[in-house]
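Chemist: Dropping the sequence and predicted coords here.
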Amino acid sequence: MKTKFKTIFFILIAFPFILISCSSDDDSTPSNSKATDVYIVGITRNSANKAIPTIWKNGVPTILPSDTNINTTGFKIAVSGNDVYAINGNFDETNAIILWKNGISSVVAQNAIAEDLIVENGDVYILGRIGNSFRYWKNGVETILTNGLSNNFVSDMVVINGDVHITGSENNGAKNVVKYWKNGAATTVSNPNLRAFANGIDVNGTDVAILFRELTAENTYTLKVWKNGTITTLESGIHNDFSIGRGKIVTRTNTIFATAHLAVNNENSKIGFWKNGLKTNLTSGITSSSPLDMEVIGDDVHIIGIERNPGTNGRSVLKYWKNSQETVLTSDADGNIFNPAMAISKNGDVHITGKNKYFLNNTPTILPGTNPEAFDVFVVN
């Protein structure tokens, strides 16, 4: 799962990441048990300052073919066997979903925007939308999910053994309600009489868990978990909050992990973490913050998010929590961080990207290339 050109590759500069064994005070200990290939997708800039889709494999950048007169973003990446796949995102000007496979591009859909990419057993799944109608493509074959009314959203996709699990919100003509789609068949998750938005989905065996928030009569939101049709409440009284995708849920046998953005007021918010309903605040709420991803590996819980530094000129800095212990990865000098990504190796190494940096177990390396910016990371080992 996730967990989401007919060309010649142009090698700009050889700058391999060095994957070595070391130790640090944050107890992140890399292993040299097996070599790891690290794939990062994002952008560099050409001479006209246009965004050019770029893949870095172990630090070596490769330009993906695109129209060099417009901005094109490398947004999501996946590797299956010897094949490397990437899609463009909703930050570019191509007006189409482009899929690159081993350096060869193809157009998946015109007038469309991609949201996610997952490759399983050689099958390529792309989540996206045309207008307000969300849909997914399996090997180019389209399945339409939502009705195309305004304010439809999808937030997360998981693929397990060929089954496609998606959660999102669909306008029922009066309210946005949370839905769960399995292979295109919809189940209503939230109360159809209340406004609600999905945050994330996970699947473990026959268990399907969805994190969502629902508006109450008091005009505050309640954070809830839907698991196999049973709903439990994690947090009530959340301030008016529009935070599609700002949360993640992971389900394991007898355990549910969740992280979510909790609005304190119109400006500030906290990052909450729950294990079987027991809450830990990862941030204080002094400044606004939001989680972006969570991975659970064995007994370790890894979360990345952004928090604004105090002060009128404070930037949104990248932070990482391992078992609720915080590490600050960037500073105001790095500029605002908007699209961090994380992947965990089988040997326990933690790979994080944020803007123009790649972090191996919290140690940063600047990505090579002209004004690079990373959007996703994928590891193979």
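Modeler: Happy to help now that I have it.
Chemist: Report the contact partners of the closest residue in space to Ser290 that isn't next to it in sequence.
Modeler: Nearest residue to Ser290 in three dimensions, chain neighbours excluded: His261, at 4.3 Å (Cβ to Cβ, 6 or more residues apart in numbering). Every residue, glycine included, has its C-beta placed from N, CA and C. Going by Cβ atoms under 8 Å, 6 or more residues apart in numbering, His261 touches Asp241, Ser243, Arg246, Gly247, Ser269, Lys270, Ile271, Ser289, Ser290, Pro291.
Chemist: isn't the fifth one right next to Leu282, touching?
Modeler: This means Ser269. No - counting by Cβ atoms under 8 Å, Ser269 does not reach Leu282; the two are 11.3 Å apart.
Chemist: Return every residue with contacts to both of those two.
Modeler: Ser289.
Chemist: which one of these two has more residues nearby?
Modeler: The neighbour comparison of Ser269 against Leu282 (other Cβ atoms under 10 Å) goes to Ser269, with 25 against 19.
Chemist: contacting residues for that one?
Modeler: Shown in contact with Ser269 (Cβ under 8 Å, 6+ apart): Asp241, His261, Leu262, Ala263, Gly285, Ser288, Ser289, Ser290.
Chemist: Low-confidence ranges, the stretch 51-200 of the chain, go.
Modeler: Applying pLDDT under 70 to the stretch 51-200 of the chain flags no residue at all.
Chemist: Which one of the contacts of His261 is nearest to Ala109?
Modeler: Nearest to Ala109 among the contacts of His261 is Arg246, at 26.4 Å by Cβ to Cβ.
Chemist: how close does the closest residue to that closest one other than its chain neighbours get to Thr220?
Modeler: Spatial nearest neighbour of Arg246, excluding adjacent residues (Cβ to Cβ, 6+ apart): His261 at 3.8 Å. As defined by Cβ to Cβ, to the nearest Å, His261 lies at a distance of 14 Å from Thr220.
Chemist: Ok, Trp274 next?
Modeler: 18 Å.
Chemist: Which residue of those two possesses the greater neighbour count?
Modeler: Neighbour totals were compared for Trp274 and Thr220, and Trp274 leads with 19 against 15 (other Cβ under 10 Å).
Chemist: Validate this expectation: that one resides in a helix.
Modeler: No - counting by DSSP: H, G, I helix; E, B strand; the rest coil, Trp274 falls outside a helix, being strand.
Chemist: doesn't Ala258 make contact with it?
Modeler: Yes - counting by Cβ under 8 Å, Trp274 does reach Ala258; the two are 4.6 Å apart.
Chemist: Distance of the residue nearest to Ser290 relative to Lys101?
Modeler: Going from His261 to Lys101 by Cβ to Cβ gives 34 Å.
Chemist: follow-up on the earlier one: in TSV, list the contacts of Ser269 along with distance to Lys357 and secondary structure.
Modeler: TSV is the format used below for these (distance: Cβ to Cβ, whole Å; DSSP: H, G, I helix; E, B strand; the rest coil):
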residue	distance to Lys357	secondary structure
Asp241	29	coil
His261	23	strand
Leu262	28	strand
Ala263	29	strand
Gly285	27	coil
Ser288	22	coil
Ser289	19	strand
Ser290	19	strand
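Chemist: Pull out the buried members of the residues you listed.
Modeler: Neighbour counting with 16 or more other Cβ atoms under 10 Å marks Asp241, His261, Leu262, Ala263, Gly285, Ser288, Ser289, Ser290 as buried within those.
Chemist: OK, contacts around the residue lying closest to Leu329 once chain neighbours are set aside?
Modeler: Computed as Cβ to Cβ, 6+ apart, the closest residue to Leu329 that is not its neighbour in sequence is Leu318, at 4.4 Å. By Cβ under 8 Å, 6+ apart, the contact list for Leu318 reads Ile304, Gly305, Ile306, Val328, Leu329, Thr330, Asp334, Ile337, Pro340, Ile352, Gly354, Lys355.
Chemist: so Leu318 sits in a helix?
Modeler: No - under the criterion used here (three-state DSSP), Leu318 is strand, not part of a helix.
Chemist: how far away is it from Asp156?
Modeler: Distance of Leu318 to Asp156, computed by Cβ to Cβ: 21 Å.
Chemist: rewinding a little: so which of the contacts of Leu318 are in strands?
Modeler: Under the assignment DSSP state E, these contribute Ile304, Gly305, Ile306, Val328, Ile352, Gly354 to strands.
Chemist: Which element, helix or strand, includes Pro310?
Modeler: If you go by DSSP states H and E, Pro310 is not part of any helix or strand.
Chemist: residue contacts, it?
Modeler: With Cβ under 8 Å, 6+ apart, Pro310 has these contacts: Ile286, Thr287.
Chemist: Kindly report the same for Trp56.
Modeler: Contacts for Trp56 were tallied using Cβ under 8 Å, 6+ apart; they are Val38, Tyr39, Ile40, Val41, Gly42, Thr62, Tyr358, Leu367, Pro368, Gly369, Ala374.
Chemist: Neighbour count, distance to Val177 and secondary structure added to the residues you listed, as CSV?
Modeler: Shown next, in CSV, are the contacts of Trp56 (neighbours: other Cβ atoms under 10 Å; distance: Cβ to Cβ, whole Å; DSSP: H, G, I helix; E, B strand; the rest coil):
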residue, neighbour count, distance to Val177, secondary structure
Val38, 23, 40, strand
Tyr39, 21, 37, strand
Ile40, 27, 37, strand
Val41, 30, 33, strand
Gly42, 30, 35, strand
Thr62, 18, 43, strand
Tyr358, 22, 39, strand
Leu367, 23, 41, coil
Pro368, 18, 46, coil
Gly369, 21, 44, coil
Ala374, 24, 35, strand
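Chemist: Understood, closing this out.
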